[in-house]
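**Student:** Structural data only, the sequence is not supplied:
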């Protein structure tokens, strides 16, 4: 008895043998069948011979048992009989073998014929499948003969281009590629050479439909081999890549062109500058680089919004482009900075003519959201190869010249000179020294009294910073404050001034038992710091300084640079009890509608309006108007730069509250200021 596991194993092995046999080819099955048949015939032959031999032996054995000796005739008869039976059996077996071989051969022939029929059917199916794939492919398929005459086009080719096969057959050689005449003229030789050397050609070009519209095609031409006649054929498979090209163009635009204005961005402009320099060097021509920056652009953004600022930049780019030759280049280098590249100029004089033209064009009114505004610009000019022939060097030169134009009053241009490099080196040296000054606190404060014009009493003082340079001596704020503003060093300097002034004035108040107000200048950088109000409050607490005895001065230009934010920040400061003053009033662009909203207490008349009083009629009118305006708005007025008795009389007669200037005292160090306060009398307040 077999176990269940043995039977299952046997069943699995038998099933495996059947699966293997079923997977064999027909020819292999026939060979196996024929081999088995011949083996059976061979076994049958052996069986017959063995049976006949057994009969002969049995007969002879019986004869011996009966004691009947064999005669020669009997033996011969038995052998002949056995031989005849064996021969008949062998002949029958041979007939079976021949029949088996015959039928096996027939079966093999039938199997081969079936295989050929199956192969032809499979080939037909594959051919039909490939024909359908080509016919309904989204590629533009054309098959050419060796003379480049089209023999076949798929349906998508006709649907997409509008050309039929008959249309193409009437066209010149290679016309089915649908390229322009110039493309075919320039490319046919290259296509033929590539097919001969490499067997294929690949390319992208602009193709044209029957109606004349164009599209970008990616084309692959390959040799199909030879047909039954021995002639070569070629296939051409094209793909519409217009969308890809459009995306590439958009990406290039984003990479090389300014998104807002559509002109070259900084990267592309520098590449174009490099190309122009190489061409100028080869041809012996001069080129000019103009670096242009809009004056007070931030004010437009802050007062009218960034959308208006963007519209302004677009208009500026358009006007700059309209002033130039086709070969000249305009680029936006960043923010409100533009570059203009003039190639093949005869002399630097041409660059100055163009600069004047640009200044004139930009000064014309621009309509922004229904409001007309005017802008000006400052332009720096450098000329190659006179000033250099390296991209970065020339851009640095033009940038320095532009800043010189700003320092000279804006709305003008300046050519780069070697002196500007020396100025730059001097500035860099001062910046380094200024950082050291901040690190080692090389500053001191001087105080200039502010006097009541009626009583002659000192009511306050302005704290003015001085830099005690270790080798250059005293440096006034006019020489280093602009650098501190640009570098951000004004923030730590401003904190030092605020703390030091609070500490020193508190000492003065204690020494003289005098409630003296101290005035400290506040920079735009300081005001933009998010923690300024907190810092101010901590200083007041640290030195127990009454907020009413501290006044912060902000310039008119600072107020107008970001008026909405400034109002909120000044309101926070005012809420602490600290008073606020507008410094240099009258020199900026204050809006009266904003002025009444500002939480300020005092207007300071700029010294430029005071110095020629009372003789200059314009200054008299301006000063009296400022005083009247302040009174209408319930603001106090301080006049700066008071130096003569006549100025005091005019200011007092027109209602000015306080005066500050050399007539009373120059700015004094803290110890000298303390002495001056102690010795002060009212003689300065007399008529």
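**Tutor:** That came in fine, so what should we check first? These numbers come from a predicted model, not from an experiment. Numbers count the residues shown, from 1 in each chain.

**Student:** all helices of the stretch 51-200 of the chain, in order?
**Tutor:** Using DSSP state H, counting those that start in this stretch, the helices of the stretch 51-200 of the chain run over residues 72-135, 155-161, 165-169, 181-198.

**Student:** which residue packs closest to the residue nearest the centre of the chain, ignoring adjacent ones?
**Tutor:** Against the mean C-alpha coordinate of the chain, by CA atoms, centre = their mean, the closest residue is residue 255 at 5.9 Å. Closest residue in space to residue 255, ignoring its immediate chain neighbours: residue 267 at 7.4 Å, by CB to CB, 6 or more residues apart in numbering. (C-beta placed from N, C-alpha, C; glycine too.)

**Student:** Name the secondary structure element that contains the one you found.
**Tutor:** Counting by DSSP states H and E, the element that carries residue 267 is helix 266-283.

**Student:** How many neighbouring residues does the residue lying closest to residue 355 once chain neighbours are set aside have?
**Tutor:** Distances taken as CB to CB, 6+ apart place residue 413 nearest to residue 355, at 4.1 Å, with adjacent residues excluded. Neighbours of residue 413 under the rule other CB atoms under 10 Å: 24.

**Student:** Also residue 388?
**Tutor:** 16.

**Student:** didn't it look like it was pressed against residue 398?
**Tutor:** No. Using CB atoms under 8 Å, residue 388 makes no contact with residue 398, being 10.6 Å away.

**Student:** Please tell me how far residue 651 sits from residue 301.
**Tutor:** 38 Å (CB to CB, to the nearest Å).

**Student:** again, but for residue 472
**Tutor:** Residue 472 sits 39 Å away from residue 301, going by CB to CB.

**Student:** These two - which one has more neighbours?
**Tutor:** Per other CB under 10 Å, whichever of residue 472 and residue 301 has more neighbours is residue 301, with 17 against 11.

**Student:** dump the residue contacts of the closest residue to that one other than its chain neighbours.
**Tutor:** The shortest distance from residue 301 to any non-neighbouring residue, by CB to CB, 6+ apart, is to residue 309 (4.0 Å). Neighbouring residues of residue 309 by CB atoms under 8 Å, 6 or more residues apart in numbering: 297, 300-301.

**Student:** residue boundaries of the helices in the stretch 251-400 of the chain?
**Tutor:** 266-283, 297-304, 306-322, 348-362, 391-407.

**Student:** Just name the most buried of those helices.
**Tutor:** Ranked by mean neighbour count under mean count of other CB atoms under 10 Å, the helices of the stretch 251-400 of the chain are led by helix 391-407, which reaches a mean of 20.

**Student:** Show me what that helix packs onto, helices and strands only.
**Tutor:** Where contact means 3 or more CB pairs under 8 Å, 6 or more residues apart in numbering; DSSP states H and E, helix 391-407 is packed against helix 266-283, strand 286-294, strand 377-384, strand 413-415, helix 418-440.

**Student:** quick one: average confidence on the second one?
**Tutor:** The pLDDT scores in strand 286-294 average 94.

**Student:** can I get the helices of the stretch 251-400 of the chain in TSV with distance to residue 158?
**Tutor:** Formatted as TSV, the helices of the stretch 251-400 of the chain follow (distance: least, CB to CB, whole Å):
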stretch	distance to residue 158
helix 266-283	42
helix 297-304	57
helix 306-322	45
helix 348-362	54
helix 391-407	53
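
**Student:** looking at those, which is closest to residue 204?
**Tutor:** Closest approach to residue 204 among those (CB to CB): helix 266-283, 22.9 Å.

**Student:** and the helix or strand where residue 466 lies, which residues are buried?
**Tutor:** For residue 466, the host element (DSSP H and E) is strand 458-469. By neighbour count on 16 or more other CB atoms under 10 Å, the buried set for strand 458-469 is 458-467, 469.

**Student:** right, and the pair among these with maximum separation?
**Tutor:** Maximum distance among those (CB to CB): 33.0 Å, for 459 and 469.

**Student:** which residues does the residue nearest to residue 355 bridge with?
**Tutor:** residue 379 (DSSP bridges).

**Student:** what separates it from residue 543, distance-wise?
**Tutor:** Distance from residue 413 to residue 543, by CB to CB: 50 Å.

**Student:** And the lowest mean pLDDT element among the helices and strands of this protein?
**Tutor:** helix 4-22 (a mean of 52; mean pLDDT, DSSP states H and E).

**Student:** Within its local environment, how many residues does residue 376 see?
**Tutor:** By other CB under 10 Å, 14 other residues sit near residue 376.

**Student:** let's number from 28 now, not from 1
**Tutor:** Renumbered: residue one is now 28, and that last one reads residue 403.

**Student:** what's the nearest residue to it if we skip its chain neighbours?
**Tutor:** residue 438 (3.7 Å).

**Student:** helix/strand/coil for that neighbour?
**Tutor:** Three-state call for residue 438 (DSSP: H, G, I helix; E, B strand; the rest coil): coil.

**Student:** Can you get me a residue count around it?
**Tutor:** Residues near residue 438, counting by other CB under 10 Å: 16.

**Student:** How about the contacts made by it?
**Tutor:** Residue 438 makes contact with 322, 386, 390, 403-405 under the criterion CB under 8 Å, 6+ apart.

**Student:** What is the most widely separated pair among those?
**Tutor:** Largest pairwise distance in those, by CB to CB, is 12.5 Å, between 390 and 405.

**Student:** Tell me which of the two has more neighbours.
**Tutor:** Set side by side, residue 390 and residue 405 show more neighbours around residue 405, with 24 against 13, by other CB under 10 Å.

**Student:** residues contacting the residue lying closest to that one once chain neighbours are set aside?
**Tutor:** Nearest residue to residue 405 in three dimensions, chain neighbours excluded: residue 432, at 3.9 Å (CB to CB, 6+ apart). With contact taken as CB under 8 Å, 6+ apart, residue 432 is in contact with 405-407, 439-441.

**Student:** Check residue 690 too.
**Tutor:** 669-672, 674-675, 711.

**Student:** 10 Å instead, please
**Tutor:** 478, 668-672, 674-675, 711 (CB atoms under 10 Å, 6 or more residues apart in numbering).
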